[in-house]
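Chemist: I would like to see how this sequence folds:
(one chain, ligands or ions: 1)
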Amino acid sequence: MSERREVKLGPAQETMLIPLYGRAVEARKEQPMLSDAKAVEIVDSLDYDFAKFDGNRSLAGAVLRGMIFDGWVSEFLGEHPGGTVVEIGAGLNTRFERLDNGACHWVELDLPDSMELRRQFFEPTDRRAMVAGSVTDADWLGAVREHPGPYFFVAEAVLPYVPREGCEAAIGFIRDQFPGSPVAFDTAGAAMLDRIDNHNEAKLMSARFLWPCNDPSELESWGLRLLDSRTVAEPQPAVQAALPLAFRAQLSALALAPQVRTYRLNLFTT
Ligand SMILES: C[S@@+](CC[C@H](N)C(=O)[O-])C[C@H]1O[C@@H](n2cnc3c(N)ncnc32)[C@H](O)[C@@H]1O
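Modeler: Numbers count the residues shown, from 1 in each chain. Below is the predicted model of the structure:
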């Protein structure tokens, strides 16, 4: 077996390993919610104690969250097959592998240490750019303009780790430079931030969500319009239909958990 790769990441960056592991665990099941051979390959090649996440309910939640974001991106690509998806804080996400239609373009952005790790597993192509930088710094927008519109911006499990002013600045760049573009990102309510120290997942990671948002429509003051907002327990009908029956049956119980109710996945337009 070849030598495993060392993981050297900052605290917010390390959180990428939870959704990665969630997808790998899911993919290994007999009846998985989604297939993700690449996530399995990456997990197997990293020198990291993934076993500490075993049994954590956040793993399935992260998979479901990814599928809901996939649902919005798929809808966009259905209407605009040659458009560009901009994946902010891509981590080790395999969304391009899951949704590529052979014609779309993809721009992946993440902090330098995260992008360095990502580049060990994914390669840029004519249709796929990989950019190192912070979403709060306008430098990455030039790389987006090199790809054809229209654009879909997605930041899954990223902005809660970025200070609120930085998020407002980042949304401002998108609003001013790509008006009329859909932007999908998640928000965590105050109750979730209060509870987070008690989360099993949070005990395993030092990064914390930095700003509460009880009502995503509050963010319309940033120049956004809210088009859709749902919890991980409320996937779009098409996403729900693709879930294994046993998992679908658990959604209504999941919907009652306070950390699920106050954590929202949102689709806005600028
Ligand atoms: C929980 S992970 C999510 C990764 C990926 N979106 C996924 O769903 O698998 C959070 C990601 O946000 C990235 N991130 C944190 N702050 C960032 C910033 N200022 N600019 C860009 N990415 C950032 C981290 O490096 C990390 O990859």
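Chemist: now the residue most central in space within the chain: closest residue in space, sequence neighbours ignored.
Modeler: Geometric centre of the chain, nearest residue: E156, 2.3 Å, by Cα atoms, centre = their mean. Excluding its sequence neighbours, the residue lying closest to E156 (Cβ to Cβ, 6 or more residues apart in numbering) is F69, at 4.9 Å. For the C-beta atoms, the positions are set from N, CA and C on the backbone; glycine is no exception.
Chemist: just K8 next, same as before
Modeler: Using Cβ to Cβ, 6+ apart, the closest residue to K8 is D113 (6.6 Å).
Chemist: now the one you found: which helix or strand?
Modeler: Under the criterion DSSP states H and E, the helix or strand holding D113 is helix 112-118.
Chemist: try F153
Modeler: With DSSP H and E as criterion, F153 is part of strand 151-155.
Chemist: chain center to whichever helix or strand comes after that strand: distance?
Modeler: Counting by DSSP H and E, the element after strand 151-155 in chain order, helix or strand, is helix 164-177. Offset of helix 164-177 from its chain centre (Cα atoms, centre = their mean, to the nearest Å): 18 Å.
Chemist: again with stretch 248-257
Modeler: On Cα atoms, centre = their mean, the centre of stretch 248-257 falls 21 Å from that of its chain.
Chemist: and that stretch, which residues are buried?
Modeler: Under the neighbour-count criterion of 16 or more other Cβ atoms under 10 Å, stretch 248-257 has 251, 254, 257 buried.
Chemist: let's have the residues you listed in TSV, adding pLDDT and secondary structure.
Modeler: TSV is the format used below for the buried residues of stretch 248-257 (pLDDT from 0 to 100; DSSP: H, G, I helix; E, B strand; the rest coil):
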residue	pLDDT	secondary structure
L251	92	helix
L254	88	helix
A257	85	coil
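Chemist: give the contact list for the residue lying closest to A27 once chain neighbours are set aside.
Modeler: Using Cβ to Cβ, 6+ apart and skipping residues adjacent in sequence, the residue nearest A27 is D36, 4.3 Å away. By Cβ atoms under 8 Å, 6 or more residues apart in numbering, the contact list for D36 reads 23-24, 26-27, 94, 97-98.
Chemist: now do D36 against K52, distance only.
Modeler: With distances taken as Cβ to Cβ, to the nearest Å, D36 is found 20 Å from K52.
Chemist: do E6 as well
Modeler: On the measure of Cβ to Cβ, E6 and K52 end up 17 Å apart.
Chemist: so these two - more neighbours on which side?
Modeler: K52 (13 against 9; other Cβ atoms under 10 Å).
Chemist: can you confirm that one is in a helix?
Modeler: Yes. Per DSSP: H, G, I helix; E, B strand; the rest coil, K52 lies within a helix segment.
Chemist: ok, it touching S58?
Modeler: No. Between K52 and S58 there is no contact under Cβ atoms under 8 Å: 12.0 Å.
Chemist: who touches the residue nearest to K8 in this structure?
Modeler: Contacts of D113 (Cβ under 8 Å, 6+ apart): 8-10, 13.
Chemist: what sits against L193?
Modeler: Each residue near L193 by Cβ under 8 Å, 6+ apart is listed here: 208-209, 212.
Chemist: and what of A242?
Modeler: Applying Cβ under 8 Å, 6+ apart, the residues contacting A242 are 33, 67.
Chemist: the residue in the stretch 51-200 of the chain that the ligand sits nearest to: which element?
Modeler: Shortest the stretch 51-200 of the chain-to-the ligand distance, computed as Cβ to the nearest ligand atom: residue-wise this is G91, at 2.6 Å. Using DSSP H and E, G91 sits within no helix or strand.
Chemist: against V107, how distant is it?
Modeler: 15 Å.
Chemist: circling back: of the contacts of L193, which is the nearest to the ligand?
Modeler: Relative to the ligand, and with distances defined as Cβ to the nearest ligand atom, the nearest of these is F209, at 10.3 Å.
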